[in-house]
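*Asks:* Give me a model of this one.
(one chain, ligands or ions: 2)
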Amino acid sequence: MNNQSRIKILDESLCNQIAAGEVVERPASVIKELIENSIDAGADEIIVELESGGCKLIRVTDNGQGMNRQDVFLCLERHSTSKIRRAEDLFALTTLGFRGEALASIASISRFRLRSCAADDGLGQEILVEGGKVRKAEEVGMARGTLVEARNLFFNLPARRKFLRREQTELGHCADVVTKQALSHPAISFRLLHNGRSMLELRREKGLAERVAALLGRTLLSEMQVLEVNDGAGMRLHGLIGQPTLNRSASSHIYTFINGRYIRDRVVQHSIMDGYRHLLMKGRFPVVVLFLEIASDKVDVNVHPTKHEVRFREQAMVHDFIAASLQHQLKPAARVQPVPRELRAEVSHLSPSPAPRMTVESQVQAPLIREPVAPAYHSPVPPGAAEEASAEAAPVVEDSSAVTSIGVEATRQQEGQNRYYSSLRYLGQYHNSYLLCQDGDDLLLIDQHAAHERIGFESLKESFSRGEIEQQCLLFPEMLELDFRSGQALKEHRGDLARLGFDVEPFGGKSFALKAVPQLLVSGDNGRLIVDIALELEQTGSSSGLIDKLDEVLILMACHSVIRANQALDPREARALLEQLDRVDFNANCPPGRPVMQRLQLVEIERMFRRH
Ligand code: ADP
Ligand code: MG
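*Replies:* Ligands and ions are numbered 1, 2, ... in the order given. Alright, predicted model coming up:
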């Protein structure tokens, strides 16, 4: 018995299922593989149909070159591909696919139908496969092209099936895949249908800008500029990059492609953030659609089965090239090429020839921080409070390590009662951003922006819990354009938004009309705020809803409602702010964030001046 070998070679269909485990995580991964095949087949029209977020049905139809009868059978074999022949080909890839695993994998974990025709005779071949076994094959009448259908994904792998999320989530991932492929192939028309309803209709376009307008909105496009840089040694970076003022709370709008392939690479991601360094506030991400072209022997795409990752031969060089290109372009004085004006107004009238690179003088960059809004939460100033204070405060903090960071929570314990901030001696404002106060012998620096944010947050939270966020109808509704996922999130959470004081009405396609906003935010840039909130909400399930993300959303709202840094406050306004700080219930759940106050003790100051 011991002589018998314990090791067995696995049968073909099990091998395919194992491979499928790597390639197919969810419906979106199937769509990615199928669209890549259609693109490789030279299609210029691709239709994706889904049922139940793709869990029930995925069907991709293209008008590409198709396959003949033999190839229809062959393509389902593991490692069957028409795209490479030799090992060297791996480093000179011109196609998106090359591993020859996708179809075999997908067919092993679904009820699979493939129909293809490679000639103009109207005769195609159809094959039905179930869990990797061929059930039926026959000739069918069809035009040149290919149709691939995968029903009941993971029907034979219940354990994997359990990992599928609810329909809307899976649909979101699928739409993401289509979005990315569509961005990198503007000349191909794409349609996405879900349960028979059209979700995306993208006609063939002349270029990236038109595609970006169609997918992400014309408003967004108008805040982007063209980038086109060659390093003279075979590397080329091109695409559209957003002004720093166009930013998001998540990195989901950083679209990067390497040699035409959507890649989410750490090095590239980092280099982009480096390019925007000092231009974005912490926690904010730019909007970019960037293509890096690099000699195929300088990058290895065969690193991961889904080809989502790459390995660069000269990582640092790629990083620095991207970062420097962006930095140069984003410099206010840089000569940049904005998106052509006619494109902003009406995309379809675009002239076909791209403008020569780096010729047009850039518009003056919008300031990073918006114009301050009128101070909210104005409280009546007690008579006589307008005390004269020396506004010219000396730059106190030379060695910032000497500053002790004290959270407001800690302070509250010392304060005894709610008169702490208003009882401080107000000395003046420093750098239009900090209130200098004296507490006994200590010097306090209060960040006016952080303080206002905190006050705004607490007050919003309180009104929300009482169901009393006051709403103000806008005289003219503001029109918003959102990408597919954010749009879905808004539709799904309309009720929640109403509780927050927003009335957002779907207006067909990716358009929405913002009809009312919370009273508090009337003077703010609410379009931007809604985009941010939608991004937050995207990450919640509908079952959990707003409550899960309440703090994050209220922080966003508070940010938009308050005094910014760089705003001169007169002593009356400063005092009012201190008094409001006293009214805040800091025992309530505090938003994660920056400290409101820093304390510098007399001994520390004396030490700085070598006194004892
Ligand atoms: P790969 O794309 O890595 O070659 P796949 O398993 O995805 O592997 O596909 C196997 C082969 O089937 C491809 O190389 C191609 O020749 C053929 N094929 C797949 N999809 C299509 C399609 N939509 N149109 C034409 N040929 C296709
Ligand atoms: Mg493929």
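*Asks:* contact partners of stretch 472-480?
*Replies:* With contacts defined as Cβ atoms under 8 Å, 6 or more residues apart in numbering, stretch 472-480 is touched by 219, 501, 503-505, 507, 511-519, 522, 526-527, 530-531. The way it works is simple: take the backbone N, C-alpha and C, and place the C-beta from them, glycine included.
*Asks:* Now list the buried members of these.
*Replies:* Among the contacts of stretch 472-480, those classed as buried by 16 or more other Cβ atoms under 10 Å are 219, 501, 503-504, 512-514, 516-518, 522, 526-527, 530-531.
*Asks:* Among those, which lie within strands?
*Replies:* Judged by DSSP state E, the buried ones among the contacts of stretch 472-480 include 503, 504, 512, 513, 514, 516, 517, 518 as members of strands.
*Asks:* show me what contacts the closest residue to residue 470 other than its chain neighbours?
*Replies:* Ranked by Cβ to Cβ, 6 or more residues apart in numbering and with sequence neighbours excluded, the top spatial neighbour of residue 470 is residue 519, at 3.9 Å. With contact taken as Cβ under 8 Å, 6+ apart, residue 519 is in contact with 469, 470, 471, 472, 501.
*Asks:* which parts of the protein sit against ligand 1?
*Replies:* For the chain, the contact set with ligand 1 under Cβ under 6 Å from any ligand atom comprises 33, 37-38, 41, 62, 64-67, 75, 80-83, 97-104, 146.
*Asks:* which of those are buried?
*Replies:* 33, 37-38, 41, 62, 64-67, 75, 81, 97-104, 146.
*Asks:* Among these, name the ones in helices.
*Replies:* 33, 37, 38, 102, 103, 104 (DSSP state H).
*Asks:* From those residues, list the ones also adjacent to ligand 2.
*Replies:* Contacts with ligand 2 are made by 37, 102 out of those, judged by Cβ under 5 Å from the ion.
*Asks:* and residue 219, what does it touch?
*Replies:* So residue 219 contacts 480, 481, 527 (Cβ under 8 Å, 6+ apart).
*Asks:* least confident pick among those?
*Replies:* Minimum pLDDT for the contacts of residue 219 is recorded at residue 527 (85).
*Asks:* For the stretch 1-150 of the chain, which segments count as helices?
*Replies:* Here the stretch 1-150 of the chain has its helices, by DSSP state H, counting those that start in this stretch, at 12-23, 27-40, 69-74, 102-108.
*Asks:* Apologies, that question was intended for the stretch 401-550 of the chain.
*Replies:* 408-415, 448-465, 484-492, 494-500, 526-538, 546-561.
*Asks:* and whatever residue of the stretch 251-400 of the chain ends up closest to ligand 2, how many neighbours?
*Replies:* Nearest residue of the stretch 251-400 of the chain to ligand 2 (Cβ to the ion) works out as residue 307 at 9.6 Å. Neighbourhood size, residue 307 [other Cβ atoms under 10 Å]: 21.
*Asks:* Would you confirm that it contacts residue 299?
*Replies:* No: using Cβ atoms under 8 Å as the test, residue 307 is too far from residue 299 to be in contact (11.5 Å).
*Asks:* Could you list which residues are in contact with residue 568?
*Replies:* The contact partners of residue 568, by Cβ under 8 Å, 6+ apart, come to 429, 432.
*Asks:* what's the spacing between it and residue 596?
*Replies:* From residue 568 across to residue 596, the span is 19 Å (Cβ to Cβ, to the nearest Å).
*Asks:* Same question for residue 147.
*Replies:* To residue 596, residue 147 is 61 Å away according to Cβ to Cβ.
*Asks:* which of these two has more neighbours?
*Replies:* Counted by other Cβ under 10 Å, residue 147 and residue 596 do not tie: residue 596 has more neighbours, with 25 against 21.
*Asks:* ends of stretch 119-138, how far apart?
*Replies:* Using Cα to Cα, to the nearest Å, the end-to-end distance of stretch 119-138 comes out at 16 Å.
*Asks:* Just the residues contacting it, thanks.
*Replies:* 12-13, 16-17, 66-69, 72-73, 76, 104, 107-117, 139-144, 155-156.
*Asks:* List the buried residues for that stretch?
*Replies:* 124, 125, 126, 127, 128, 129, 130, 131, 132.
*Asks:* what does stretch 306-321 give?
*Replies:* Those would be 307, 310, 312, 318, 319, 321, for stretch 306-321 by 16+ other Cβ under 10 Å.
*Asks:* For residue 248, state which of those is nearest.
*Replies:* residue 319 (22.2 Å; Cβ to Cβ).
*Asks:* before we move on, what SS does residue 290 have?
*Replies:* strand (DSSP: H, G, I helix; E, B strand; the rest coil).
*Asks:* list the contacts for it?
*Replies:* With Cβ under 8 Å, 6+ apart, residue 290 has these contacts: 227, 237, 238, 239, 240, 241, 255, 256, 257, 272, 322.
*Asks:* Redo these as TSV? Include secondary structure.
*Replies:* Formatted as TSV, the contacts of residue 290 follow (three-state DSSP):
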residue	secondary structure
227	strand
237	strand
238	strand
239	strand
240	strand
241	strand
255	strand
256	strand
257	strand
272	helix
322	helix
